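here's a sequence, model it:
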Amino acid sequence: AMVQVAVAVFPSTADAPASDPLVYLEGGPGGNILDALQFDFDSRFGPFLAERDVIIFDQRGVGQSMPNLDCPEMRELQIELLDDALTAEEYNEAEAPAVAACQSRLAGEGVDLAAYNSGSNAADLADLRVALAIDEWNLYGISYGTRLALTTMRDHPEGVRSVILDSTVPLQSNLYEEGPANAQRAFDTFFAGCEADADCAAAFPNLESRFYALVDQFNASPIDIEVDNAFTGETYPGKLRGDDMVGLLFQSLYSEQIFPIAPDIIADAEAGDYSGLSRLASIAFVNGDFITVGMHLSVQCNEEVVFTTAAAAEEAAAAFPEVQAVWADADGEFAECDIWGAGTADPIEDEAVVSGIPTLVVAGEYDPITPPSWGVLATETLDTSYFYEFPGLGHGVTTADECAQGIALEFLADPNSEPNG
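Prediction:
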């Protein structure tokens, strides 16, 4: 079956642009970047356009690319279950039939779900460079996009001048076995950060114990919140358990715009004002509109889940009870992968990528999903690499901060010299 990849080329604003464009690799996996560009294109990509063309594409199976591997079956169920105070186990049980329905529909349409993974994604990227008649370009990946960049460096290094890895997923990392420890590190960073800040410590003493007291309280009696979809204008009644609140704090740590107000939201919730939690839940809900869930499953099932076991994931989560709620649905993902049929990656997809291509690696101190240590790990097998950790930032630092973006621009100008940190 033919796969079509939707591509947008943004011409540089420079009079004499550099001949090597920047190609952006979106995260997720399964992130719909072309639909999301309307919100923050200028701040994210404007500075790069001042020097060179920028190329942005929806990866195979995603967004405007065809076939689209979305699962409206799962989204409809999610909406239906918003006001049911389900545990992760109950949710997983309810979700399995929706996953199966999506799987059989896509398979019935002739989609080969085993063809949507980083290896084939990297081959698309190599083909795209040739199709656009570009001699040399620069890869710029965030989150899952870094995994795609690393895979491309390994499989199709030709024509790659330099690489920027922001919030890195090294191939040899194990998301399910290391995720709980990474989440705990980020929670510790958050609570310690408030304690170390005189104003925050004075305004929110003992924030950590107060947060977990609320978690227990809301697990015992779930609260009513409102979930808004800003795009459709629809509002749904929702029920929030304590475990859900742990998940919302985890999501907050992705963004330097959100986690500084998290202490306020926690204190408001203590006082019975749940509007902040409603806002966080609404953000998490709307973000789901920008993930093509079938592509997400194909990638994770093919090249993440296959290198571990549900038992190992469960054991890892149990070792960190305070953040266990974030990883409680890992079981469900393993069950979904049994249904999905995404094939099994070659062992090389779990091995470190060795490359001499100049690479800038950046990370955020608060990042709950791809910790700075993963960035360091990636650099160990990259001969020409520079690593920077940014204090006070979360997941995706080059989109959040002028300093990080400035270092990226300096690196692109001369990838063989260390930028000024």
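
only C-alpha atoms from now on, for both contacts and neighbour counts.
Fine.

how about the strands in the stretch 51-200 of the chain?
For the stretch 51-200 of the chain, applying DSSP state E, counting those that start in this stretch gives strands covering 54-57, 137-142, 160-166.

Ala1 is nearest to which of those?
Ala1 lies closest, by Cα to Cα, to one member of the strands of the stretch 51-200 of the chain: strand 54-57, at 19.9 Å.

what packs against the closest one?
Under the contact definition 3 or more Cα pairs under 8 Å, 6 or more residues apart in numbering; DSSP states H and E, strand 54-57 sits against strand 7-10, strand 22-25, helix 33-49.

ok now it, how far from the chain's centre?
With Cα atoms, centre = their mean, to the nearest Å as the basis, strand 54-57 stands 18 Å off its chain's centre.

and stretch 5-14, by the same measure?
On Cα atoms, centre = their mean, the centre of stretch 5-14 falls 23 Å from that of its chain.

I'd like the helices and strands packed on strand 54-57 as TSV, with mean pLDDT and distance to Pro157 appended.
Formatted as TSV, the helices and strands packed on strand 54-57 follow (pLDDT from 0 to 100; distance: least, Cα to Cα, whole Å):
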stretch	mean pLDDT	distance to Pro157
strand 7-10	98	21
strand 22-25	98	14
helix 33-49	95	22
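
which of these is buried the deepest?
Most buried of the helices and strands packed on strand 54-57 by mean neighbour count (mean count of other Cα atoms under 10 Å) is strand 22-25; its value is a mean of 24.

counting by contacts, list what that strand packs against.
So strand 22-25, by 3+ Cα pairs under 8 Å, 6+ apart, packs with strand 54-57, strand 137-142, helix 144-155.

let's see it at 7 Å
Applying 3 or more Cα pairs under 7 Å, 6 or more residues apart in numbering; DSSP states H and E, we find strand 22-25 packed against strand 54-57, strand 137-142.

quickly run through the sheet partners of that strand, with directions.
According to DSSP bridges, strand 22-25 forms sheet pairs with strand 54-57 (parallel), strand 137-142 (parallel).

so which of those comes closest to Val293?
strand 54-57 (17.2 Å).

the closest one - what's its average pLDDT?
Average pLDDT, strand 54-57: 98.

of the strands paired with strand 22-25, which stretch is the most buried?
By mean count of other Cα under 10 Å, the strands paired with strand 22-25 have strand 137-142 as the most buried, with a mean of 24.

quick one, that one and strand 160-166 angle?
Interaxial angle of strand 137-142 relative to strand 160-166 (axes from the mean of the first three to the mean of the last three Cα atoms, to 10 degrees): 10 degrees.

mean confidence score for stretch 97-109?
Regarding stretch 97-109, the rounded mean pLDDT is 98.

what strand or helix carries the closest residue to Glu389 other than its chain neighbours?
Leaving aside its chain neighbours, Glu389 sits nearest to Ala363 (4.8 Å; criterion: Cα to Cα, 6 or more residues apart in numbering). Assessed by DSSP states H and E, Ala363 sits inside strand 359-364.

following element in sequence after that strand, please.
helix 372-379.

who touches the helix or strand just after that following helix?
Toward the C-terminal end, the helix or strand that comes next after helix 372-379 (DSSP H and E) is strand 385-390. Counting contacts by Cα atoms under 7 Å, 6 or more residues apart in numbering, the residues outside strand 385-390 that touch it are 358-365, 372, 376, 379, 418.

which two in the residues you listed are spaced the farthest apart?
Pro358 and Glu365 (23.3 Å).

all helices of the stretch 201-350 of the chain, in order?
For the stretch 201-350 of the chain, the helices defined by DSSP state H, counting those that start in this stretch occupy 207-220, 242-252, 262-270, 275-287, 293-303, 310-318, 330-340.
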